[in-house]
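In: sequence? don't have it. structure:
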């Protein structure tokens with residue numbers, strides 16, 4: 001009786017390390033684009049590559065030729081489309097080159113549990129300011145940017161880099177303040193800039209009562225990884241925008257919940 005020998009590939013320690021590192025990098029890239037418009041674009045690229053594989057296997061020459069053109073320029077297209085995400089990743093690497101001097105890298109890669117312990121203390125001044133501005137029907141637009149893109153925000157803003165406080169937010173949005181027009185941008189636990197002119201959304205199915213403030217709040221969340229609080233000057237109603245979608249007339253309990261999650 002002839003014996004059968006099964007040969008298995010030899011797996012070394014470096015092969016395992018290679019797989020672990022690749023999986024780790026993919027996971028961090030997923031975290032970088034999760035919940036953003038870039039995630040949907042990435043899914044679109046994946047669908048095109050999958051379709052190209054299918055039509056090629058079925059010998060559908062015309063579709064293979066068309067989709068093949070997209071695949072041929074795949075790497076260049078990825079760099080062009082995801083240039084903001086690539087730039088953010090490189091900025092993250094550059095800012096945190098020294099792991100011992102900066103703990104932000106460790107928090108980014110290994111969780112944010114320590115940073116979230118005092119989260120309520122960070123958002124309380126914002127919630128208190130919103131309560132006050134709602135009562136006085138003071139119009140406001142507060143943007144929370146996960147990554148502060150200086151080229152995007154500073155070109156049309158007054159740079160502040162100030163500590164978040166209730167009184168400062170209220171004073172910025174007072175009608176007599178020279179900074180009340182535009183948005184306040186909060187990032188890295190600071191008020192980075194004020195009086196920011198933001199891109200407006202091009203959506204046509206928005207409620208009739210939405211003015212420029214609401215459209216700017218929705219627009220900035222479409223173009224960036226950001227969320228926004230909008231306070232209506234006419235009604236004092238609070239709205240919360242994220243990923244191009246807006247939730248109207250939210251309560252302060254809901255506001256605290258979403259800020260705990262997103263900020």
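Out: Alright, I've got the coordinates. Remember, it's a predicted structure, so these values are computed and weren't measured experimentally. Residues are numbered from 1 along each chain as shown.

In: Now do the strands in the protein.
Out: Residue ranges of the strands in the chain, as given by DSSP state E, are 140-145, 158-162, 183-187, 190-196, 226-231, 238-242, 245-248.

In: of those strands, which approaches residue 255 most closely?
Out: With respect to residue 255, and counting by C-beta to C-beta, the nearest of the strands of the chain is strand 238-242 at 6.4 Å. To be clear about C-beta, it is placed using only N, CA and C from the backbone, and glycine gets the same treatment.

In: And the contacts of the closest one?
Out: When contacts are defined by C-beta atoms under 8 Å, 6 or more residues apart in numbering, strand 238-242 is touched by residues 130, 134, 214, 217-218, 220-221, 227-232, 246-250, 252, 254-255, 258, 262.

In: Could you do stretch 188-201 as well?
Out: By C-beta under 8 Å, 6+ apart, stretch 188-201 touches 122, 141, 143, 145, 148, 153-154, 156-164, 168-169, 172, 178-186, 212, 215-220, 222-223, 244.

In: how much space is there between the nearest residue to residue 131 once chain neighbours are set aside and residue 245?
Out: Distance criterion C-beta to C-beta, 6 or more residues apart in numbering; nearest residue to residue 131, sequence neighbours excluded, is residue 252 at 6.4 Å. Here residue 252 is placed at a distance of 20 Å from residue 245 (C-beta to C-beta, to the nearest Å).

In: Same question for residue 233.
Out: For residue 233, the distance to residue 245 - C-beta to C-beta - is 22 Å.

In: Looking at the two, which has the bigger crowd around it?
Out: Relative neighbour count places residue 233 above the other of residue 233 and residue 245, with 16 against 11, counting by other C-beta atoms under 10 Å.

In: Setting the sequence-adjacent residues aside, check what's closest to the more buried one.
Out: residue 139 is the one closest to residue 233 (C-beta to C-beta, 6+ apart), at 3.1 Å.

In: Give me the phi and psi angles of the one you found.
Out: Torsion angles at residue 139 (phi, psi; degrees, to the nearest 10) stand at phi -70, psi 140.

In: What pLDDT is listed against it?
Out: At residue 139, the pLDDT value in this model is 92.

In: any idea how far residue 159 is from it?
Out: Taking C-beta to C-beta, one finds residue 139 at 22 Å from residue 159.

In: which one of these two has more residues nearby?
Out: residue 139 (17 against 12).

In: show me what contacts the more buried one?
Out: 133, 173, 180, 213, 231, 232, 233.
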